[in-house]
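Trainee: Quick one, what's the 3D model for this:
(chains A and B)
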Amino acid sequence: NAGVTQTPKFRILKIGQSMTLQCTQDMNHNYMYWYRQDPGMGLKLIYYSVGAGITDKGEVPNGYNVSRSTTEDFPLRLELAAPSQTSVYFCASSYQGHALAKNIQYFGAGTRLSVL
Amino acid sequence: KQEVTQIPAALSVPEGENLVLNCSFTDSAIYNLQWFRQDPGKGLTSLLLIQSSQREQTSGRLNASLDKSSGRSTLYIAASQPGDSATYLCAVTPQGGSEKLVFGKGTKLTVNP
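Mentor: So this is what the prediction gives:
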């Protein structure tokens, strides 16, 4: 089972460059999330989506954009890369039914991004 | 604003020892609390999920407890093994919104052979 797949695994960007981090899930989950993890810190939510065509900001959305055209895909776009965006990015997905208390999020392996 | 704190930040124990990892949260209005494991260079793997109405969950050598009123959870690992070495993250799902997890910074566990 593939689960949540993220590409690329590593990337080095120059300041001002743009890139898209790809995320795909094959579990037919309706919810998808993007987090960033800085060294020694917990994960912080960037954006999330509750279904195709619906996205919303998380705790740290500045400098990022997302779209959700299909259930499976949730790409994260960095338009003008800055050193402050050097981090490890994780995509996650979950199925949200009526029982919110039983939700489990499934994570991809992450994308390690350096902006120099 | 919900905040999650994990103590200690790092822990080193000899193989075979029983150990406890601690997690505290500031707002008791949560749907659930989850414990994750993170290996270096890897994503997160969910270990245990405790719903707000539950007191504990068990999986193999792992036991997680939840005291929602005091804002605390513990992860108990019995008979630790070198393969348990990883970072353990605690996260809560606050009520009042969609399923947005709030994470602690984690406890890095090293089990020495």
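Trainee: Regarding the residue positioned nearest the centre of chain A, what is its secondary structure?
Mentor: Central residue check for chain A by C-alpha atoms, centre = their mean: the C-alpha nearest the mean position is that of residue A:34, 2.5 Å away. Under DSSP: H, G, I helix; E, B strand; the rest coil, the three-state class of residue A:34 is strand.
Trainee: any idea how far it is from residue B:16?
Mentor: 40 Å (C-beta to C-beta, to the nearest Å). C-beta coordinates here come from the backbone N, C-alpha and C atoms, glycine included.
Trainee: Please apply the same query to residue A:51.
Mentor: Per C-beta to C-beta, residue A:51 is found 48 Å from residue B:16.
Trainee: what's the answer for residue B:113, then?
Mentor: Here residue B:113 is placed at a distance of 10 Å from residue B:16 (C-beta to C-beta).
Trainee: Was I right to think residue A:59 contacts residue A:44?
Mentor: Yes: at 5.1 Å, residue A:59 and residue A:44 qualify as touching, with contact defined as C-beta atoms under 8 Å.
Trainee: in the sheet, who's paired with residue A:7?
Mentor: For residue A:7, the beta-bridge partners under DSSP bridges are residue A:22.
Trainee: ok, back up a step: residue B:113 and residue B:16: which is more packed in?
Mentor: residue B:16 (11 against 8; other C-beta atoms under 10 Å in any protein chain shown).
Trainee: for the more buried one, what are its contacts?
Mentor: B:79, B:80 (C-beta atoms under 8 Å, 6 or more residues apart in numbering or on different chains).
Trainee: Ramachandran coordinates for it?
Mentor: Backbone torsions of residue B:16, given as degrees, to the nearest 10, read phi 100, psi -10.
Trainee: Kindly provide the distance from residue B:54 to chain A.
Mentor: Computed as C-beta to the nearest C-beta, to the nearest Å, the residue B:54 to chain A distance reads 9 Å.
Trainee: what about stretch A:80-88, start to end distance?
Mentor: Stretch A:80-88 has an end-to-end distance of 17 Å (C-alpha to C-alpha, to the nearest Å).
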